[in-house]
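[1] Sequence unavailable; structure follows:
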């Protein structure tokens with residue numbers, strides 16, 4: 001039995017994956033208990049996604065933007081309500097001053113003079129007519145809030161895509177690391193056999209040199225793969241919002257793509273949705289500027305209280321209507337309207353651009369996924385074939401019909417093919433996730449349906 005295989009000749013990595021799949025299927029007996037124990041500490045993609053969605057700052061930033069947009073709606077709605085202001089002043093004059101309203105001249109009742117004037121005022125006002133500006137401002141704020149919601153959706157998709165791709169790459173790095181360790185073990189075994197055959201006089205000393213070179217190549221491959229796996233796990237830990245040490249010893253589950261799960265109709269992407277809301281917001285802004293061509297009508301009422309420093313107070317009230325209209329603004333109103341219209345045209349163009357980008361992204365990522373699936377399938381067959389070649393080379397060498405060079409080359413090719421297959425599977429996952437995002441359907445449920453264990 002060669003290193004890295006079961007007693008039946010099955011590659012150990014494939015047996016591990018089959019064991020993980022068997023653990024998920026209901027089957028009674030002690031075998032099931034052993035399989036479940038073997039994968040009990042496996043970090044699943046669902047767990048990684050849940051952690052990322054709970055901790056990633058991209059979502060906090062999007063949530064804050066949504067809260068700001070909601071507050072802007074409240075601010076715009078406030079214009080529909082009357083305003084009430086209270087004020088009070090105390091003024092000290094150099095000379096006595098009239099400190100009470102003087103509505104008529106009566107010699108028998110002279111006005112009150114005092115050097116201290118105390119005034120209190122309660123004033124209410126309500127804009128009866130503003131040409132529709134208030135309604136347009138509320139409408140613009142609502143569309144801005146919807147655009148912020150689309151931004152939040154985009155941020156969520158960024159997190160989902162980031163953590164899923166990071167998980168797939170970390171899983172691939174783990175498989176590559178395992179392949180490197182098995183290559184190193186095969187190199188150690190090859191060196192041991194070469195030394196034994198040299199002692200028996202069956203091979204030349206150069207065969208032991210070649211075996212040592214392959215063993216050292218395995219050592220180097222392990223060091224490289226370990227470094228890349230550590231980086232991949234650190235990246236995954238950042239997406240999850242946990243310390244890298246929390247993932248150091250946890251096995252990952254290799255994933256594949258279910259082609260049937262990714263065949264579906266597209267819906268507006270987050271970018272398209274955001275652009276559509278920006279168009280509506282820009283159109284409402286045009287209405288706001290147009291309202292400036294119409295006058296404003298305000299209803300006003302106030303209660304006033306006047307008093308002196310001696311404590312003499314007198315109150316009165318007032319009410320009325322105020323009509324205001326900027327008759328001449330030097331072209332500022334027309335310029336503001338033109339600017340709003342230009343902004344609306346630009347927003348409409350951005351919407352069309354977003355739709356074109358989505359269509360292009362769907363075509364691009366679908367082609368990438370088809371290519372990735374075909375590449376992974378070819379590499380899987382190649383890997384299986386090369387492991388068969390390695391079995392034959394090992395057997396031929398042990399029986400004296402093969403050479404150390406053939407054995408070394410076959411071993412290196414087989415383990416490199418396995419590592420290449422792991423990377424190809426990770427590329428499958430990346431392409432599938434990006435296609436899901438382009439289709440506008442990237443959600444945790446969609447990921448669960450589209451991605452599964454490696455076949």
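    Nice, I can see it. Predicted model only: the values in this text are computed from it and were never measured.
[2] Could you use CA atoms for every contact and neighbour count after this?
    Will do.
[3] and residue 255, how many residues sit next to it?
    A count of nearby residues for residue 255, using other CA atoms under 10 Å, gives 23.
[4] An error on my part: the question was meant for residue 284.
    24.
[5] element containing it, please.
    helix 270-290 (DSSP states H and E).
[6] Tell me the first helix or strand C-terminal of that helix.
    strand 296-308.
[7] Give me the residues contacting that following strand.
    The contact list for strand 296-308, computed with CA atoms under 8 Å, 6 or more residues apart in numbering, reads 99-101, 113-131, 313-325.
[8] Okay, strands next: where are they in the stretch 51-200 of the chain?
    Per DSSP state E, counting those that start in this stretch, the stretch 51-200 of the chain carries strands over the ranges 83-98, 113-129.
[9] winner for burial among these?
    Across the strands of the stretch 51-200 of the chain, averaging neighbours per residue (mean count of other CA atoms under 10 Å) puts strand 113-129 on top, at a mean of 18.
[10] what mean pLDDT would you report for that one?
    Strand 113-129 shows a mean pLDDT of 93 in the predicted model.
[11] Next: stretch 286-293.
    On average, stretch 286-293 scores 94.
[12] Let me know the pLDDT of the residue of the chain most remote from its centre.
    Here the chain reaches farthest from its C-alpha mean at residue 108, the gap being 81.8 Å by CA atoms, centre = their mean. The model reports residue 108 with a pLDDT of 76.
[13] cool, and residue 260?
    79.
[14] Does it belong to a helix, a strand or coil?
    Three-state call for residue 260 (DSSP: H, G, I helix; E, B strand; the rest coil): helix.
[15] Could you find the closest non-adjacent residue to it?
    residue 450 (7.7 Å; CA to CA, 6 or more residues apart in numbering).
[16] residue contacts, that neighbour?
    So residue 450 contacts 257-262, 432 (CA under 8 Å, 6+ apart).
[17] rewinding a little: using CSV, please lay out the strands of the stretch 51-200 of the chain together with distance to residue 219.
    Converted to CSV, the strands of the stretch 51-200 of the chain look like this (distance: least, CA to CA, whole Å):
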stretch, distance to residue 219
strand 83-98, 78
strand 113-129, 81
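[18] quick one: which of these is nearest residue 420?
    Between residue 420 and those, the tightest spacing by CA to CA is seen for strand 83-98, at 70.2 Å.
[19] Give the pairing partners of that closest one; include direction for each.
    Strand 83-98 pairs in its sheet with strand 113-129 (antiparallel), by DSSP bridges.
[20] re earlier: for the helix holding residue 284, give me every contacting residue.
    Defining contact as CA under 8 Å, 6+ apart, one finds that helix 270-290 is touched by 132-134, 136-137, 139-144, 146-151, 153-154, 333, 336-337, 340-341, 343-344, 347-348, 350-351, 354-355, 358, 440.
[21] Now do that helix: distance to the chain's middle.
    24 Å (CA atoms, centre = their mean, to the nearest Å).
[22] Tell me where the protein has helices.
    12-24, 30-38, 45-55, 57-77, 133-199, 205-240, 270-290, 332-398, 404-439, 444-450 (DSSP state H).
[23] Residue 418 touches residue 176, doesn't it?
    Yes: the pair residue 418 / residue 176 is scored as a contact, 7.3 Å apart, by CA atoms under 8 Å.
[24] what does stretch 396-412 rub up against?
    183, 186-187, 194, 207, 210-211, 214, 386-387, 389-390, 393-394.
[25] Apply 10 Å and report the result again.
    Here stretch 396-412 makes contact (CA atoms under 10 Å, 6 or more residues apart in numbering) with 180, 182-184, 186-187, 190-191, 193-194, 197, 202-203, 206-211, 213-215, 217-218, 386-395, 416-417.
[26] Mark which of the residues you listed are buried, thanks.
    180, 182-184, 186-187, 190-191, 193-194, 197, 203, 207-208, 210-211, 214-215, 217-218, 386-395, 416-417 (16 or more other CA atoms under 10 Å).
[27] low pLDDT regions in the stretch 301-450 of the chain?
    Flagging of the stretch 301-450 of the chain using pLDDT under 70 yields the residue ranges 400, 404.
[28] and the helices of the chain as TSV, adding distance to residue 250?
    Below are those laid out as TSV (distance: least, CA to CA, whole Å):
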stretch	distance to residue 250
helix 12-24	14
helix 30-38	11
helix 45-55	12
helix 57-77	24
helix 133-199	10
helix 205-240	10
helix 270-290	34
helix 332-398	25
helix 404-439	18
helix 444-450	20
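[29] tell me how far stretch 86-104 is from the chain's mean position?
    63 Å.
[30] That should have said stretch 164-177, apologies.
    19 Å.
[31] ok, now stretch 357-376?
    Taking mean C-alpha positions (CA atoms, centre = their mean), stretch 357-376 and its chain are 21 Å apart.
[32] cool, and stretch 423-434?
    17 Å.
[33] same check, this time on stretch 235-244
    The answer for stretch 235-244 is 14 Å, by CA atoms, centre = their mean.
[34] what angle sits between the helix holding residue 284 and helix 404-439?
    Relative orientation of helix 270-290 versus helix 404-439 (axes from the mean of the first three to the mean of the last three CA atoms, to 10 degrees): 30 degrees.
[35] For the closest residue to residue 416 other than its chain neighbours, give me its contacts.
    Distance criterion CA to CA, 6+ apart; nearest residue to residue 416, sequence neighbours excluded, is residue 179 at 7.7 Å. Contacts of residue 179 were listed using CA under 10 Å, 6+ apart, and they are 4, 12-13, 173, 185, 218, 221-222, 225, 414-419, 422.
[36] next one: residue 94
    114-116 are the contacts of residue 94 under CA under 10 Å, 6+ apart.
[37] rerun that using 8 Å as the cut-off
    Per CA under 8 Å, 6+ apart, neighbours of residue 94: residue 115.
[38] Per-residue pLDDT of it, please?
    The model's pLDDT for residue 94 equals 91.
[39] cool, and residue 30?
    We note a pLDDT of 43 for residue 30 in this prediction.
[40] same thing with residue 180?
    pLDDT for residue 180: 90.
[41] Can you give me every residue that contacts it?
    Here residue 180 is in contact with 218-219, 221-222, 225, 415 (criterion: CA under 8 Å, 6+ apart).
[42] at 7 Å what do you get?
    Counting by CA atoms under 7 Å, 6 or more residues apart in numbering, residue 180 makes contact with 218, 221-222, 225, 415.
[43] circling back: adding neighbour count, write the contacts of residue 450 out as a markdown table.
    Converted to a markdown table, the contacts of residue 450 look like this (neighbours: other CA atoms under 10 Å):
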| residue | neighbour count |
| --- | --- |
| 257 | 26 |
| 258 | 18 |
| 259 | 13 |
| 260 | 9 |
| 261 | 15 |
| 262 | 21 |
| 432 | 31 |
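[44] Out of those residues, which comes closest to residue 67?
    For those, with residue 67 as the reference and CA to CA as the criterion, the closest is residue 432, at 32.3 Å.
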